[in-house]
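Student: Please work out how this folds:
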Amino acid sequence: MRDDSSLKAELGLDAVFIQTDVTQEGDIRALIERTLDRFDRIDCVVSCAGTGSRTADIVNTVAAHLDHDFALHVRAAFLMMKYAAPSMVKRRSGSFINMSSVSAHRVGFNAFGYEVAKAALVHFTRCAAIELGESGVRVNSISPGPTLTNIFAPLAGESIEDDEVLAARVEAAFCELLPSIQPMPGMARVEDIANAAVFLASDDARFVNGHDLIVDGGLCAGRPASVRSAAFKALRDGLRAAALAAAEVPLR
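Tutor: You can find the predicted model right below:
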């Protein structure tokens, strides 16, 4: 993982790093105010802070853990808009991009708190799009599928600093899982998601508003064709076997 100082050095003097806890309203307000003081305008806000959920099954989940999921994934995006939107509305220009997940569309891939919060974020995106769109400000979201990042470090029992080692192990594990549920092979790369964000932020997407851009190799579209064919074959074979067995039963 690259540290903040190296990224700032690469971007040059025009980059400013402001440490922010997006679950804290005061931090978000300070972030927006300092950005406006430094640059006098905000063209795009990407709300992409996230982490794994601590929710378990519904009966045994602590309410505070569900509250944290909503604070991080939904409330933070709302507060970013609350404080950044007025300057955009005044200029009648700007773009908000909220980072959701395929978990907003398909359940069973993550803890329920994460999935419910990401689904709420997509719907909040639509709500904001119809409100801010009237002032020329666009609001969209991105729903990535399995993406090769260090968010999987805790699951792998690895340090998030061991990027290369972790990436190889995570990808190998996913390559065992994905062929049964995702038509295109492999995992998305960070660049795939970044390119989607750049598009939504750019003038090329000037008339795209209230849209959730899914980047998942077809996972949400349905099962791979080969898996579907195998399932139909198994069903056909089972029905034929049942019919033959019924035909062999003597009538009384």
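Student: show me where the stretch 1-150 of the chain has helices.
Tutor: In order along the chain, the stretch 1-150 of the chain carries the following helices (DSSP state H, counting those that start in this stretch): 4-11, 25-39, 63-70, 76-91, 112-132.
Student: Please go through the chain and pick out the longest helix.
Tutor: When the chain is scanned for its longest helix (criterion: DSSP state H), the result is helix 225-247.
Student: which outside residues touch that helix?
Tutor: 179, 180, 181, 183, 222, 223 (Cβ atoms under 8 Å, 6 or more residues apart in numbering). Where C-beta positions appear, they are placed from N, C-alpha and C, glycine not excepted.
Student: how about 6 Å then?
Tutor: Under the contact criterion Cβ atoms under 6 Å, 6 or more residues apart in numbering, helix 225-247 has outside partners residue 180.
Student: Need the CA coordinates for it. PDB is fine.
Tutor: Output of helix 225-247 as PDB, limited to C-alpha atoms (Å, rounded to 0.1, in the frame of the first residue of the first chain):
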ATOM      1  CA  ALA A 225     -23.600 -20.200 -19.800                       C
ATOM      2  CA  SER A 226     -21.500 -23.300 -19.100                       C
ATOM      3  CA  VAL A 227     -22.900 -23.500 -15.600                       C
ATOM      4  CA  ARG A 228     -26.400 -23.000 -16.900                       C
ATOM      5  CA  SER A 229     -25.900 -25.800 -19.500                       C
ATOM      6  CA  ALA A 230     -24.500 -28.200 -17.000                       C
ATOM      7  CA  ALA A 231     -27.500 -27.500 -14.700                       C
ATOM      8  CA  PHE A 232     -30.000 -28.100 -17.500                       C
ATOM      9  CA  LYS A 233     -28.200 -31.300 -18.400                       C
ATOM     10  CA  ALA A 234     -28.300 -32.500 -14.800                       C
ATOM     11  CA  LEU A 235     -32.000 -31.700 -14.600                       C
ATOM     12  CA  ARG A 236     -32.800 -33.400 -17.900                       C
ATOM     13  CA  ASP A 237     -30.800 -36.500 -16.800                       C
ATOM     14  CA  GLY A 238     -32.600 -36.600 -13.500                       C
ATOM     15  CA  LEU A 239     -36.000 -36.300 -15.100                       C
ATOM     16  CA  ARG A 240     -35.200 -39.100 -17.600                       C
ATOM     17  CA  ALA A 241     -33.900 -41.300 -14.800                       C
ATOM     18  CA  ALA A 242     -37.100 -40.700 -12.800                       C
ATOM     19  CA  ALA A 243     -39.300 -41.500 -15.800                       C
ATOM     20  CA  LEU A 244     -37.400 -44.800 -16.400                       C
ATOM     21  CA  ALA A 245     -37.700 -45.700 -12.800                       C
ATOM     22  CA  ALA A 246     -41.500 -45.000 -12.900                       C
ATOM     23  CA  ALA A 247     -41.900 -47.100 -16.000                       C
END
